[in-house]
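Chemist: just coords:
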């Protein structure tokens with residue numbers, strides 16, 4: 001009899017590790033917000049787009065933007081960490097290297113994302129800001145999934161999804 005996908009130990013380990021890591025990043029982000037980084041981001045955006053700033057708040061044409069802990073890219077990075085550390089296909093050293101490289105990429109893209117959102121708020125209607133905010137959140141998530149897939153393709157030396165899936169599901 002064929003095993004159910006969710007009863008496989010590699011999948012159960014992945015789900016457990018993913019949610020522990022992602023949940024831990026979310027917990028830390030929420031309960032220990034990176035206020036200095038939030039203020040730095042607000043100042044960077046304010047200076048770059050010539051808008052008024054007060055701590056984590058930006059004032060743009062009657063719209064108040066707040067750089068919250070979840071605007072920092074930490075949640076997106078937590079998603080990547082959960083994916084990287086969820087399976088056993090990478091060595092501990094490579095997991096650390098990819099996590100650090102992912103951090104640099106995600107935080108860089110996140111700054112561009114925030115610049116675009118505030119710029120749209122400065123230039124267009126608030127409805128466009130809401131739409132762009134949602135759209136860019138999905139794009140960031142897609143970038144994380146793409147990065148993870150690229151890491152797997154590189155490390156497993158294949159572009160075939162079937163080979164990647166078999167490697168991820170293999171008992172280690």
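Modeler: That came through fine. Predicted model, so just to flag it, every value in this text is computed and none were measured.
Chemist: CA only for contacts and neighbour counts going forward, please
Modeler: Noted.
Chemist: okay, which residue is most central for the protein?
Modeler: For the chain, the residue nearest the mean C-alpha position is residue 76 (1.5 Å; CA atoms, centre = their mean).
Chemist: tell me who's in contact with the residue nearest to residue 52 when sequence neighbours are not counted.
Modeler: Excluding the flanking residues, the one nearest residue 52 by CA to CA, 6 or more residues apart in numbering is residue 59, at 5.3 Å. By CA atoms under 8 Å, 6 or more residues apart in numbering, the residues touching residue 59 are 51, 52, 53, 65.
Chemist: what does residue 118 give?
Modeler: Contact partners of residue 118, counting by CA under 8 Å, 6+ apart, are 45, 49, 60, 65, 129.
Chemist: name the element it belongs to?
Modeler: Element membership for residue 118 (DSSP states H and E) is helix 92-123.
Chemist: now that helix: mean pLDDT?
Modeler: Averaged across helix 92-123, pLDDT comes to 93.
Chemist: any buried residues in that helix, and which?
Modeler: Across helix 92-123, burial judged by 16 or more other CA atoms under 10 Å covers 95, 98-99, 102-103, 106-107, 110-111, 113-122.
Chemist: and what of stretch 40-60?
Modeler: Buried-residue list, stretch 40-60, by 16+ other CA under 10 Å: 41-43, 45-46, 51-53, 56-60.
Chemist: strands - which of those residues land there?
Modeler: Among the buried residues of stretch 40-60, the ones falling in strands (DSSP state E) are 52, 53, 57, 58, 59, 60.
Chemist: ok so, going back, which one of the contacts of residue 118 is nearest residue 33?
Modeler: In terms of CA to CA, no member of the contacts of residue 118 lies closer to residue 33 than residue 65, at 17.0 Å.
Chemist: helices or strands next to the helix or strand bottoming out on mean pLDDT in the chain in the packing?
Modeler: Lowest on mean pLDDT, DSSP states H and E among the helices and strands of the chain sits helix 161-169, with a mean of 74. If contacts are counted by 3 or more CA pairs under 8 Å, 6 or more residues apart in numbering; DSSP states H and E, helix 161-169 sits against helix 9-31, helix 126-156.
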